[in-house]
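[1] Generate a structure from the sequence data that follows.
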Amino acid sequence: MNLVIHPPVDDARLTIVREAARPLSVVNALTPADAIAAMPDAAAFFGKVTPAMLAVAPKLRWVQAATVSLEHYIFPELIAHPCVLTNMRGLFSDVIADQVMGYVICFARNLHTYIRLQAQAKWAPQGGESSRVSLAAGPGVVNSIDRVHRHLGDLTLGIVGHGEIGTEIGRRARAFGMRVIAVDPHPGEGVWPIDRLPQLSGESDFVVIAAPHTPAAAKLFNRERLAMMKRDGVLINIGRGAIVDLADLTQALNDGVIAGAALDVFEVEPLPADHPLWAMPNVIITPHVAGYSPRIAERHLAVLLENLSRFHRGDELKNVADKSKWY
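    Numbering: from 1, shown residues only. This is a model prediction of the structure:
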């Protein structure tokens, strides 16, 4: 019986996997044709399986995807096949949560504006009288509320998708004193059902999309949904680009429907160089790097090795996906 790997892994990783896979033989397939040739005797597969590979794999019991997201991985034959599909869920949770809080702090403290001004050698404190409201707080005392520099402890962060990434985002936001609310298709303690998304949108100063791309989530944030947000609200998307209608978001930012956006993922990647979002001062763009970290490679291998061990013992595998739901 085989563990088939395709695309192939490097020699150092292959040596470790061969040892962990015993008594399975490991086929590190260089080409799709090599993988197809090895599939009739495959009990397990790691990498990117295709319909052609699956069609000649009568003994296949487990497929380990090399990615977290599955929207480009799932196909009808795989859904129908009795094999168990697992993904790499959990690898990026803390890393992506750190990036989200970076966005939040940038907008709360206006750092994205100051970085741009620094490039012009321009000393220009943001705010000033036009953005301040004076309130009498007692005899002889005046407080000033700055609408540009915001206090995190006064703000609400709403999370759309309360999986492992969403959970980590919430943990960090609470550490900054923020109120955290969340919606998810699988509600639980402190997590609202997805039908309360309009309420979350209206109450949140920052709306963070941490959901996977599923059929139900495509263009979930369109013109109507964005209009439910606060006018001084900020949309953060580290989930999947297909969840946000990019044209509607661009129009909403132009029209002042929302105050800003931080985007790591887009409907079209790379984002075209002539797209108007690049020039918007109230937008932070990063090139799909929220999951980058020197720790990811070791975690990636650890998930595969753990599941190989569980597969040999006949135990439940880690990160089992619902193929019909794409996550």
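
[2] beta partners for the nearest residue to Glu203 once chain neighbours are set aside?
    Counting by CB to CB, 6 or more residues apart in numbering, Thr156 is the residue found nearest to Glu203 once chain neighbours are left out, at 5.6 Å. Bear in mind the C-beta positions are built from the backbone N, C-alpha and C, glycine included. Counting by DSSP bridges, Thr156 is bridged to Arg179.

[3] Provide a list of residues in contact with Thr156.
    With contact set as CB atoms under 8 Å, 6 or more residues apart in numbering, Thr156 has these partners: Met178, Arg179, Val180, Ile181, Glu203, Ser204, Asp205, Phe206.

[4] out of the residues you listed, which are buried?
    With neighbours counted by 16 or more other CB atoms under 10 Å, those contain buried members at Met178, Val180, Ile181, Glu203, Ser204, Asp205, Phe206.

[5] Show me where the chain has its helices.
    11-21, 32-38, 51-54, 76-80, 93-109, 111-118, 164-175, 197-203, 223-227, 246-254, 296-313 (DSSP state H).

[6] what's the average pLDDT for stretch 173-186?
    Mean pLDDT, stretch 173-186: 97.

[7] For that stretch, list every residue counted as buried.
    Neighbour counts over stretch 173-186 (16+ other CB under 10 Å) mark Ala173, Phe176, Met178, Val180, Ile181, Ala182, Val183, Asp184, Pro185 as buried.

[8] related to what we said a few turns ago, what's the most distant pair in the buried ones among the contacts of Thr156?
    The distance between the two most remote of the buried ones among the contacts of Thr156 (CB to CB) is 12.2 Å, for Met178 and Glu203.

[9] circling back to that earlier point, which pLDDT value goes with the residue nearest to Glu203?
    98.

[10] Could you do Ile145 as well?
    44.

[11] Could you list the domains of this protein?
    What automatic domain parsing lists as the domains of the chain is 2-91+294-325, 93-110+149-285.

[12] highest average neighbour count across those domains?
    Across those, the average number of neighbours (mean count of other CB atoms under 10 Å) peaks for domain 93-110+149-285, which reaches a mean of 19.

[13] Start and end of that one, how far apart?
    End-to-end distance for domain 93-110+149-285, by CA to CA, to the nearest Å: 20 Å.

[14] what does stretch 286-302 give?
    First residue to last in stretch 286-302 (CA to CA) measures 28 Å.

[15] Check stretch 219-226 too.
    One end of stretch 219-226 sits 11 Å from the other (CA to CA).

[16] What average pLDDT does it get?
    97.

[17] Skip the chain neighbours and tell me the closest residue to Ala65.
    Asn87 (4.5 Å).

[18] Now do that neighbour against Ile74, distance only.
    Asn87 sits 10 Å away from Ile74, going by CB to CB, to the nearest Å.

[19] can you check Val289 too?
    Separation of Val289 from Ile74 (CB to CB): 25 Å.

[20] Check what pLDDT the residue nearest to Ala65 gets.
    pLDDT for Asn87: 97.

[21] who touches it in this structure?
    By CB under 8 Å, 6+ apart, the neighbours of Asn87 are Gln64, Ala65, Thr67, Val68, Ser69, Leu70, Asn319, Ala321, Tyr327.

[22] Quick check: closest non-adjacent residue to the most centrally placed residue in the chain.
    Centroid check for the chain by CA atoms, centre = their mean gives Gly239 as the closest residue, at 3.2 Å. Leaving out its chain neighbours, the residue that sits closest to Gly239 by CB to CB, 6+ apart is Ile209, at 4.2 Å.
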